[in-house]
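S.K.: What follows is a predicted structure for the sequence shown.
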Amino acid sequence: MKLRSAEWFGTVDKNGFMYRSWMKNQGIPEHEFQGKPIIGICNTWSELTPCNAHLRKLADHVKRGVFEAGGFPVEFPVFSNGESNLRPTAMFTRNLASIDVEEAIRGNPIDGVVLLVGCDKTTPALLMGAASCDLPAIAVTGGPMLNGKHQGRDIGSGTAVWQLSEQVKAGTISLHEFMSAEAGMSRSAGTCNTMGTASTMACMAESLGVSLPHNAAIPAVDARRYVLAHLSGMRIVEMVREDLRLSRLLTREAFENAIRANAAIGGSTNAVIHLKAIAGRIGVDLALEDWTRLGRGTPTLVDLMPSGRFLMEDFYYAGGLPAVLRRLGEAGLLPHPGALTANGRSLWDNVRDAPMLDDEVIRPLSAPLVADGGICILRGNLAPRGAVLKPSAATPGLLRHRGRAVVFEHLEDYKARIADPGLDVTADSVLVLKNCGPRGYPGMAEVGNMGLPPKLLAQGVTDMVRLSDARMSGTAYGTVVLHVAPEARAGGPLAVVREGDWIELDCSAGRLHLDIADEELQERLQAWQAAQTADPADASGYRKLYVEHVLQADEGCDFDFLVGCRGAAVPRHSH
């Protein structure tokens with residue numbers, strides 16, 4: 001087959017001379033340009049993205065594999081949107097990173113690409129950008145941190161923050177004890193060691209078939225992580241020779257497998273948005289109803305924080321995602337076992353003999369962590385286009401609830417009032433947070449898991465129904481209704497919820513209802529619309545582009561002009 005890179009390096013004319021000559025200033029010998037597949041290593045390494053700060057070393061192992069298989073590796077950086085440091089939220093720049101990836105791949109002499117990912121948004125961003133090019137691509141995740149340790153017990157990154165912070169506010173632990181956990185929570189390179197968004201999206205990549213088996217769970221500092229990187233470098237060269245493009249892997253069948261897998265692992269609600277965005281880039285029409293059809297009724301088998309007890313290191317030692325997929329397949333719960341994966345084999349061929357080493361961490365179907373663990377999709381007059389809830393991280397007794405709304409107009413309003421001893425709130429109230437959606441924050445930050453009022457924490461209350469157009473960290477837990485669409489800023493019904501309104505939640509029925517008459521709801525919406533004024537902060541820069549073009553949560557929060565696959569036709573010459 002004719003390599004795409006030959007359009008740069010394969011001609012004996014002025015252009016070929018220039019492309020080769022300038023590359024040779026790096027000490028590249030002539031024979032490296034003689035028909036070898038050029039493999040891009042798309043690296044989200046950054047010291048500002050702690051989860052990905054070790055990816056430079058991982059890239060070296062990918063290069064070894066590429067060389068061994070007869071390819072030539074070229075590493076390049078792309079925008080690294082790390083969740084832990086980036087404000088207002090890494091979700092704000094996910095689409096920006098995907099543009100960077102797409103244009104870097106299309107505009108350069110690349111035949112195939114290895115996507116080095118890790119922190120939450122880097123995985124979907126790179127898969128989105130690569131899908132819009134549709135070249136051979138394989139994902140290599142940086143891997144999770146080792147188990148956190150504090151006072152002789154395991155603690156989970158992210159999850160421990162939420163737990164210990166609430167305990168400080170409740171007065172059950174001291175501030176000193178809270179701060180002492182800081183160093184032990186993150187004690188090695190890697191992503192969050194809970195089943196947060198980073199680990200969830202790593203599992204999604206593996207279940208989609210765009211990575212090698214065990215990619216999701218090998219700890220970041222385990223030598224086997226570097227072996228997998230080496231093997232992925234070898235495999236991408238073979239994928240180029242086979243012309244195994246992403247469009248052959250990212251099929252509807254692959255996404256349906258991923259949705260079922262997300263239920264079994266107790267995965268993050270963020271997967272709903274990210275899978276929709278990736279599907280939109282490759283041309284697969286994924287809908288919220290697919291999560292109901294394929295996820296609901298699926299048992300959660302993985303006993304990991306925030307839903308359960310263990311951490312990602314334990315998950316790997318128990319067999320990792322292949323063991324989960326094997327359990328699903330043997331029970332007839334893997335929708336499409338024949339789906340093709342990056343190693344050229346079917347998903348079922350990859351996992352049929354997977355070791356299952358610990359029935360506590362990866363439970364059998366006869367003893368699940370949660371009998372019905374799939375993401376709950378809610379609709380009603382409060383969320384006409386949908387909202388989501390994660391039952392495996394919720395309090396079962398709150399999954400059917402009716403309560404009086406305590407309303408916060410924005411995050412600053414919440415922070416100013418939540419600790420007020422005079423706040424009119426009870427354990428049965430529903431905490432409502434507005435204007436934290438895609439356009440409203442902007443970027444749809446992970447603030448939906450609102451901390452409870454300290455006066456209720458002191459009474460022993462540990463969970464309440466919370467509702468917003470925001471997201472929450474995959475490391476978080478609680479009975480939290482998220483992604484309400486349309487968002488408040490876009491004029492959704494959430495915008496007109498008032499203090500004291502009654503709200504009904506029924507997860508089993510998929511219902512989210514604001515208990516007012518239809519006529520009153522319409523009157524409120526009309527009055528809200530008439531009162532709207534432009535936000536000066538939206539008038540320029542990337543924020544203007546974002547607010548004007550971002551889609552709603554049910555559509556994956558991509559930019560409207562980025563949806564679709566534009567391919568990787570070789571652009572015109574630069575000289």
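M.R.: Okay, I see it.

S.K.: need the contact list for residue 389.
M.R.: Shown in contact with residue 389 (Cβ atoms under 8 Å, 6 or more residues apart in numbering): 269, 375, 376, 378, 399, 479, 480, 481, 482, 505, 507. Where C-beta positions appear, they are placed from N, C-alpha and C, glycine not excepted.

S.K.: OK, contacts around the closest residue to it other than its chain neighbours?
M.R.: The spatially closest residue to residue 389, leaving aside those adjacent along the chain, is residue 376, at 4.3 Å (Cβ to Cβ, 6 or more residues apart in numbering). Contact partners of residue 376, counting by Cβ under 8 Å, 6+ apart, are 296, 388, 389, 390, 391, 399, 507, 510.

S.K.: and what of residue 426?
M.R.: Neighbours of residue 426 in contact, by Cβ under 8 Å, 6+ apart: 404, 456.

S.K.: ok, now with 10 Å
M.R.: 403, 404, 406, 453, 456, 459, 461, 464 (Cβ atoms under 10 Å, 6 or more residues apart in numbering).

S.K.: The lengthiest helix in the chain - what's its average pLDDT?
M.R.: Counting residues, the longest helix found in the chain (DSSP state H) is helix 223-242. The average pLDDT for helix 223-242 rounds to 98.

S.K.: distance of residue 271 from residue 71?
M.R.: To residue 71, residue 271 is 32 Å away according to Cβ to Cβ, to the nearest Å.

S.K.: will you turn the contacts of residue 389 into CSV that also has pLDDT?
M.R.: Converted to CSV, the contacts of residue 389 look like this (pLDDT from 0 to 100):
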residue, pLDDT
269, 96
375, 95
376, 95
378, 98
399, 97
479, 97
480, 97
481, 98
482, 98
505, 98
507, 95
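
S.K.: possible to save those residues as TSV with distance to residue 312 and secondary structure?
M.R.: Output for these, formatted as TSV (distance: Cβ to Cβ, whole Å; DSSP: H, G, I helix; E, B strand; the rest coil):
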residue	distance to residue 312	secondary structure
269	18	coil
375	20	coil
376	24	strand
378	29	strand
399	27	coil
479	24	coil
480	22	strand
481	27	strand
482	23	strand
505	31	strand
507	27	coil
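
S.K.: per-residue confidence averaged over the helix or strand containing residue 523?
M.R.: Here residue 523 sits within helix 518-530, counting by DSSP states H and E. Regarding helix 518-530, the rounded mean pLDDT is 97.

S.K.: now swap in stretch 53-60 and tell me
M.R.: Confidence over stretch 53-60 (mean pLDDT, whole number) is 97.

S.K.: what does that stretch rub up against?
M.R.: Counting by Cβ under 10 Å, 6+ apart, stretch 53-60 makes contact with 41-47, 49, 52, 62, 73, 75, 77, 80, 82, 114, 116-119, 122, 140-143, 188-190, 220-221, 225-226, 228-230, 232-233, all of which sit outside it.

S.K.: For it, buried residues please.
M.R.: 53, 54, 55, 58, 59, 60 (16 or more other Cβ atoms under 10 Å).

S.K.: Parallel or antiparallel, which strands does the longest strand along the chain pair with?
M.R.: Taking DSSP state E as the criterion, the chain has its longest strand at strand 400-408. With DSSP bridges as the test, strand 400-408 is paired with strand 430-433 (parallel), strand 502-506 (antiparallel).

S.K.: Point out the most buried one among those strands.
M.R.: strand 430-433 (a mean of 25; mean count of other Cβ atoms under 10 Å).

S.K.: Tell me the first helix or strand C-terminal of that strand.
M.R.: Strand 430-433 is succeeded, C-terminally, by helix 454-457 (DSSP H and E).

S.K.: what is the mean pLDDT for whatever helix or strand comes next after that next one?
M.R.: Using DSSP H and E, the helix or strand that follows helix 454-457 towards the C-terminus is strand 465-468. On average, the pLDDT along strand 465-468 is 98.

S.K.: Ok, stretch 8-18 next?
M.R.: 95.

S.K.: got it, and stretch 335-344?
M.R.: Stretch 335-344 comes out at a mean pLDDT of 98.
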